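J.: Got a sequence here, can you build the structure:
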Amino acid sequence: MRFAFGYFKKHFLMTDAEVATRRKRIVDCAVAHQRELVALYIDEIATAPNELHNALTAVMNLPDCALIVPNLFHFASIGNPLELRQVLRTNQVELLLSEPPQSAGRAC
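T.: Model prediction:
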């Protein structure tokens, strides 16, 4: 089985329904790409980017692993999202987007 980790950052006034929808999209993306979702890391506004760092650590420690995020904007708290995407590719980490991209990327 190929593995994946999910990550997203909550936004201001995010409802429980929005959180549930985002979770479901990440789970559905893992299934669509025949990946087992090992863990889903979620940052609260006040904790960001702690959970993102945890997700990146986890994904870098397993071979043939993927990171599923809604879109590249979820990387903005630690720098340029396009640069982070390139670092992941260089380290053989597949990046999957669970929501339709607004720019270049691979969507589920």
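J.: can you give me the helices in the chain?
T.: Taking DSSP state H as the criterion, the chain carries its helices at 16-32, 50-60, 81-90.
J.: The helix or strand of the chain at the bottom of the mean pLDDT ranking - contacts with which helices or strands?
T.: For the chain, using mean pLDDT, DSSP states H and E, the weakest element among its helices and strands is helix 81-90, scoring a mean of 89. Packing contacts for helix 81-90, counted by 3 or more CB pairs under 8 Å, 6 or more residues apart in numbering; DSSP states H and E, involve strand 94-97. Every C-beta, even on glycine, is put in place using the N, C-alpha and C of the backbone.
J.: Give me the contacts around the strand it packs on.
T.: Residues from elsewhere that reach strand 94-97 (CB atoms under 8 Å, 6 or more residues apart in numbering): 4, 29-30, 33, 35, 65-72, 85, 88-89, 105-108.
J.: just the CA coordinates of that strand, formatted as PDB?
T.: Written as PDB, here are the backbone C-alpha positions of strand 94-97 (Å, rounded to 0.1, in the frame of the first residue of the first chain):
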ATOM      1  CA  GLU A  94       4.100  13.500  -4.500                       C
ATOM      2  CA  LEU A  95       1.900  16.500  -3.800                       C
ATOM      3  CA  LEU A  96      -1.800  16.100  -4.400                       C
ATOM      4  CA  LEU A  97      -4.400  18.800  -4.400                       C
END
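J.: okay, the most centrally placed residue in the chain: pLDDT?
T.: Using CA atoms, centre = their mean, the residue of the chain that lies closest to the mean C-alpha position is residue 69, 2.5 Å off. Listed pLDDT for residue 69 reads 95.
J.: next one: residue 72
T.: With respect to pLDDT, residue 72 has a value of 86.
J.: Kindly provide the distance from it to residue 6.
T.: 15 Å (CB to CB, to the nearest Å).
J.: out of these two, which sits in the busier spot?
T.: Taking other CB atoms under 10 Å, residue 72 and residue 6 do not tie; residue 6 has more neighbours (27 against 19).
J.: Do I have it right that residue 39 meets residue 6?
T.: Yes: applying CB atoms under 8 Å, one finds residue 39 in contact with residue 6, separated by 7.3 Å.
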